[in-house]
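**Student:** Let's see this in three dimensions:
(2 chains)
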Amino acid sequence: MALPEVKQKTTEARLASLTLPEGGCLDAARHAALSRVEVTGLPDRRDEYWKYTRPDLFTQATAPVAVVSDRSESAIFDEFDRIKLVFVDGVFDPDASDAAVLEGVDVTRLADLKSRDDHWSKEIYGVLEARGQSPVARPLAALNTAFATDGVLIHVTSTPTKPIHIVYKQSSESSDAILHHVVRIDSGAQATILEDGPAAARFNTVLEADIADGGQLHMVRTQGREHERHAVTHIFSRLGKESVFKSFTLTVNGSLTRNEAIIEFTGDDAVAHVAGASVGDGAFHHDDTVFVTHDAVNCESRQVYKKVLRNGATGVFQGKILVKAGAQKTDGYQISQSLLLDDDSQFLAKPELEIYADDVACSHGSTSGAIDEEGLFYLRSRGVPVEEATDLLTLAFLAEAVEEIEDEDIAATMVDRLHGWLARRG
Amino acid sequence: MAVVDQFEAKEGVDQETVDAVREVSTYKYGWNTDIEMEYAPKGVNPDIVRLISEKNEEPEWMTQWRLDAFARWEKLEEPNWAMVSYPKIDFQDQYYYARPKSMEEKPKSLDEVDPKLLATYEKLGIPLKEQMILAGIEGAEDAPAEGRKVAVDAVFDSVSVGTTFQAELKKAGVIFCSISEAIREHPELVKKYLGTVVPVSDNFYATMNSAVFSDGSFVYVPPGVRCPMELSTYFRINAENTGQFERTLIIADKGSYVSYLEGCTAPQRDTAQLHAAVVEIIIEEDAEVKYSTVQNWYPGDENGQGGIYNFVTKRADCRGDRAKIMWTQVETGSAVTWKYPSCILRGEESQGEFYSIAIANNMQQADTGTKMVHLGKNTKSRIVSKGISAGKAQNTYRGLVSMHPKAKNSRNYTQCDSLLIGDKCGAHTVPYIEVKNNSSRVEHEATTSKVDDDQLFYCRQRGMDEEEAVALVVNGFCKDVLQALPMEFAMEAQQLVAISLEGSVG
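**Tutor:** Just a heads-up that it's a prediction; the model follows:
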């Protein structure tokens, strides 16, 4: 079927602005992904899946300008012992990075596969992304698979002692980065991955995580306060039997962010928790889009998303729990809440359930409103100044999402960042 | 413990019983009336539109309105966003107008109506003789001694065959008649309100309805009048290959009140039939309208053969301050349902409520819900939706709650629960929530579960058979909605919940 004319033109223009990396063992995967993009075309605002977020800035041929922010605060995970891998405007910076030598982990650069005929990541690269294209197409992820210039390929064979930290830095105000990471967690292995930083003026990233039986992957990422940043991120995660996947994202401002998480249960008794806390001001537009597919018995999924919006900011949540026929004993939970600190901000949500099995307990809730007047009154009557009282209630509101982080020290760091945002009251 | 016993009980049911249950005729309105009909030629085109307008003796402005709608419809595409699938409808392969021959000369009073038609409604439990109370409420001891009067407008295929209690209603100033009569007798009201809530351009089926609607009901309640009785329309599709396109227009003027009931049935046929209705309700300051529906169109057989495709646009516009609308629906019939009774809360402090039970069994597909559009300050809305799926049916709740920037201090509460009976059916929830100011509060909750084994075990232990037990549990699940129904419907709805689920266990 031919694409609508406008969509066809946008897609062609974007594709013309990119060069398909040639050579190496991922060629076939890249070409297949390119065909996926050509079939569906890039998203536009007429697509139902982009009802609340305009994708134009992600699809236009050149990256929108975003000034490089001059942050005085220290990098977020500095106090933790970790292996640091640094990307500047989407290009790996070996000098700023630690040597990726850590027992239980094998790390390879995606760009190095150009000269290799075979690599373990071949079985995953573009595979999980392709699985995630149905029932809803995600053309920006397919675009990423086709054109990603770099990324890290992490094979976890046991339980490393430190987390791996991917640091994204921006140095040019018109940089346009496409990075693709692959993580394989072997049976029984465990790893933690940290991510932070603005990466580029426009950033498109895909992370594919294949977790084998009994494996565990914990992810914590922050998207900092570079006000003009535009980012579209995708996590595709496939869970084997009794495996665990946990992900938390803290977003503090940025101009346009769309974070997609696509989770698929293929083995029984697995657990996946995805959570996000986002706070934003003004031109902030933040979109969390989650799709959880239960295709195994007795799995548990939790989606916890909290947004605090101020000065005309927009928060979007699109979440779905799909329980396939036969995925009995599923426990699915989804909550999306927003706190609107003033009258100009807005919250748009589409929390969906699609269920084809009868012995399941699935629920979702979604709320939106202002700060609780009674709570505020209570605190003020006990002598807490109004601003402090508002901050306390705001942090309490965000707590349910932050509590999804298992590591207490990391959770505390997140709370510090939130304090920082509240202090910058506009 | 209970679970184990439950499984034993299930296995204990022998094949014979299962077959017997399956054979039970579950749709009791599946018979048809053998009556001489007059049809317009098959298909739809401007000539058919003109013909329908002519048959209804409509003025030129109405004919033109329809023709404009038709021209628009031809350019529209059928919507495909609902979670329903059905073979492509050939809109040219059906009749758009069918009326009993005996209705050629308009009967002057109910006494002149063809006895066959009266008997049809009698059989459906809808007596068209005045002074009679609606059947099916035996045991309703709480009813006032003089009996509850319900005025009925009966629509048979494309025409209204009669409206009861018109004289008595007239005394109160209430106009209750068929829409074709209203177009002739009260053109100023129709012109003022028709198409103002559901515009001609609204959606594919509403546009189509605007072009080809053949009849329907019209209600006008003047300022300050509390309608002295419940009003009711009963829709019956009888003819084969015929679509029914009715249009209802209800106007509740300032400070008035009316409760309106709608029922519908159709014969059991192998081919699917189309029903595309539009209901528009205008509610002025301080007025209140209750609109209750028991939709029991023929759902098709257990293999999905036949049944009604029900594509309905219903919308209420609370124009005045403190206006109130309450939609209550029990959806048990139709092969495919596509229906979203909506509320535009324009007036300050206006209120919208939506209570729904949607039951889908066998191969039925229901995609239903509501829209609450909050435009005025201090507006309130409440949504309670209960979806029940059994057999291989698919049941979707689709809804929108929208708080506009100016709708300060508004409230919405939404609860949608789904119940699954059996592992081959589906239950889905697709809510859209759009909040554009911070003084409003929106809460949405949804759960999906199965019939509780402990509850079933308890009922079975006390001697109920499995189907009775399921019906009782399901009735309990639907309680919030059943309680919101007018008494006449509550009785019928409770029985329907049991009937619709027959054959869904074992």
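**Student:** Helices of the stretch 101-250 of chain B, start to end?
**Tutor:** Shown for the stretch 101-250 of chain B, the helices assigned by DSSP state H, counting those that start in this stretch span residues B:115-123, B:166-172, B:179-185, B:187-193, B:204-212.
**Student:** Any buried residues in the last one, and which?
**Tutor:** Along helix B:204-212, these residues count as buried under the neighbour rule (16 or more other CB atoms under 10 Å in any protein chain shown): B:205-212. Where C-beta positions appear, they are placed from N, C-alpha and C, glycine not excepted.
**Student:** Tell me the residues on the stretch 51-200 of chain B that lie near chain A, please.
**Tutor:** Neighbours of chain A within the stretch 51-200 of chain B, by CB under 8 Å from any CB of the partner chain: B:W81.
**Student:** who's B:Q244 bridged to?
**Tutor:** Beta-bridge partners of B:Q244, counted by DSSP bridges, are B:H275.
**Student:** so who does residue 373 touch?
**Tutor:** No chain specified, so I'll use chain A. Neighbouring residues of A:E373 by CB atoms under 8 Å, 6 or more residues apart in numbering or on different chains: there are none.
**Student:** nope, chain B please
**Tutor:** Residues near B:V373 by CB under 8 Å, 6+ apart: B:342-345, B:400, B:402, B:404.
**Student:** one more time with 6 Å
**Tutor:** Residues in contact with B:V373 (CB atoms under 6 Å, 6 or more residues apart in numbering or on different chains) are B:344, B:402.
**Student:** Would you mind finding the most buried of the helices of the stretch 101-250 of chain B?
**Tutor:** Of all the helices of the stretch 101-250 of chain B, helix B:204-212 carries the top mean neighbour count, a mean of 25, counting by mean count of other CB atoms under 10 Å in any protein chain shown.
**Student:** before we move on, the earlier item: want to throw the buried residues of helix B:204-212 into CSV with distance to B:N45 and pLDDT?
**Tutor:** Below are the buried residues of helix B:204-212 laid out as CSV (distance: CB to CB, whole Å; pLDDT from 0 to 100):
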residue, distance to B:N45, pLDDT
B:Y205, 18, 94
B:A206, 19, 95
B:T207, 15, 95
B:M208, 13, 94
B:N209, 16, 94
B:S210, 15, 95
B:A211, 10, 94
B:V212, 10, 93
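**Student:** Let's have the helices of the stretch 101-250 of chain B in TSV, adding distance to B:Q394.
**Tutor:** Below are the helices of the stretch 101-250 of chain B laid out as TSV (distance: least, CB to CB, whole Å):
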stretch	distance to B:Q394
helix B:115-123	32
helix B:166-172	41
helix B:179-185	33
helix B:187-193	36
helix B:204-212	20
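**Student:** what subset of the buried residues of helix B:204-212 is also close to chain A?
**Tutor:** When contact is defined as CB under 6 Å from any CB of the partner chain, the buried residues of helix B:204-212 do not meet chain A at all.
**Student:** surely A:S121 meets A:V182?
**Tutor:** Yes: using CB atoms under 6 Å, A:S121 is in contact with A:V182, at 4.5 Å.
**Student:** residue contacts, A:S17?
**Tutor:** Applying CB under 6 Å, 6+ apart to A:S17 gives the contacts A:A61.
**Student:** How confident is the prediction for it, by pLDDT?
**Tutor:** Per-residue pLDDT puts A:S17 at 95.
**Student:** Also the one 4 residues further on?
**Tutor:** If you check A:P21, the pLDDT there is 93.
**Student:** Is it located within a helix, as I assumed?
**Tutor:** No: using DSSP: H, G, I helix; E, B strand; the rest coil, the secondary structure at A:P21 is coil, not a helix.
**Student:** which residues sit in contact with it?
**Tutor:** For A:P21, the contact set (CB under 6 Å, 6+ apart) is empty.
**Student:** Tell me how far it lies from chain B.
**Tutor:** 38 Å (CB to the nearest CB, to the nearest Å).
**Student:** do the same with A:L217
**Tutor:** 28 Å.
**Student:** What are the buried residues along stretch A:410-420?
**Tutor:** Here stretch A:410-420 shows A:410-411, A:413-415, A:417-418 as buried, counting by 16+ other CB under 10 Å.
**Student:** which two in those residues are spaced the farthest apart?
**Tutor:** A:I410 and A:L418 (13.2 Å; CB to CB).
**Student:** Run through the bridge partners of the closest residue to A:F58 other than its chain neighbours.
**Tutor:** Spatial nearest neighbour of A:F58, chain neighbours left out: A:V232 (5.1 Å); criterion: CB to CB, 6 or more residues apart in numbering or on different chains. Here A:V232 sits in beta bridges with A:N204, A:R258, going by DSSP bridges.
**Student:** first to last residue in stretch A:225-233, what's the distance?
**Tutor:** End-to-end distance of stretch A:225-233 (CA to CA, to the nearest Å): 16 Å.
**Student:** which outside residues touch it?
**Tutor:** For stretch A:225-233, the surrounding residues in contact (CB under 6 Å, 6+ apart) are A:57-58, A:64, A:66-67, A:69, A:140, A:198, A:202-205, A:252-259.
**Student:** Just the mean pLDDT for it, thanks.
**Tutor:** pLDDT averaged over stretch A:225-233 gives 85.
**Student:** tally of neighbours for residue 326?
**Tutor:** Defaulting to chain A. By the criterion of other CB atoms under 10 Å in any protein chain shown, A:G326 has 12 neighbours.
**Student:** if you could check chain B rather than the one you did, that'd help
**Tutor:** Neighbour count of B:M326, defined by other CB under 10 Å: 19.
**Student:** Spit out the contact partners of it.
**Tutor:** By CB under 6 Å, 6+ apart, the residues touching B:M326 are B:290, B:353.
**Student:** how about low-confidence regions in the stretch 301-426 of chain A?
**Tutor:** A:425-426 (pLDDT under 70).
**Student:** thinking again about what came up before, strands - which of the contacts of stretch A:225-233 land there?
**Tutor:** If you go by DSSP state E, those have A:202-205, A:252, A:256-259 in strands.
**Student:** residues contacting the residue in the stretch 201-350 of chain A positioned nearest to chain B?
**Tutor:** Residue of the stretch 201-350 of chain A nearest chain B, by CB to the nearest CB: A:L340 (3.4 Å). For A:L340, the contacting residues are A:309, A:370, B:438, by CB under 6 Å, 6+ apart.
**Student:** about what we covered before: give me the distance between the residue nearest to A:F58 and A:L42.
**Tutor:** 11 Å (CB to CB, to the nearest Å).
**Student:** Kindly report the same for B:S500.
**Tutor:** Computed as CB to CB, the B:S500 to A:L42 distance reads 45 Å.
**Student:** These two - which one has more neighbours?
**Tutor:** Shown here are B:S500 and A:L42; by other CB under 10 Å, B:S500 has more neighbours (28 against 25).
**Student:** Which other helices and strands does the helix or strand containing the more buried one contact?
**Tutor:** For B:S500, the host element (DSSP states H and E) is helix B:487-501. Packing partners of helix B:487-501 (3 or more CB pairs under 6 Å, 6 or more residues apart in numbering or on different chains; DSSP states H and E): strand B:288-295, helix B:466-477.
**Student:** For the first one, which strands pair with it and how are they oriented?
**Tutor:** Strand B:288-295 sits in its sheet next to strand B:257-265 (parallel), strand B:324-331 (parallel), going by DSSP bridges.
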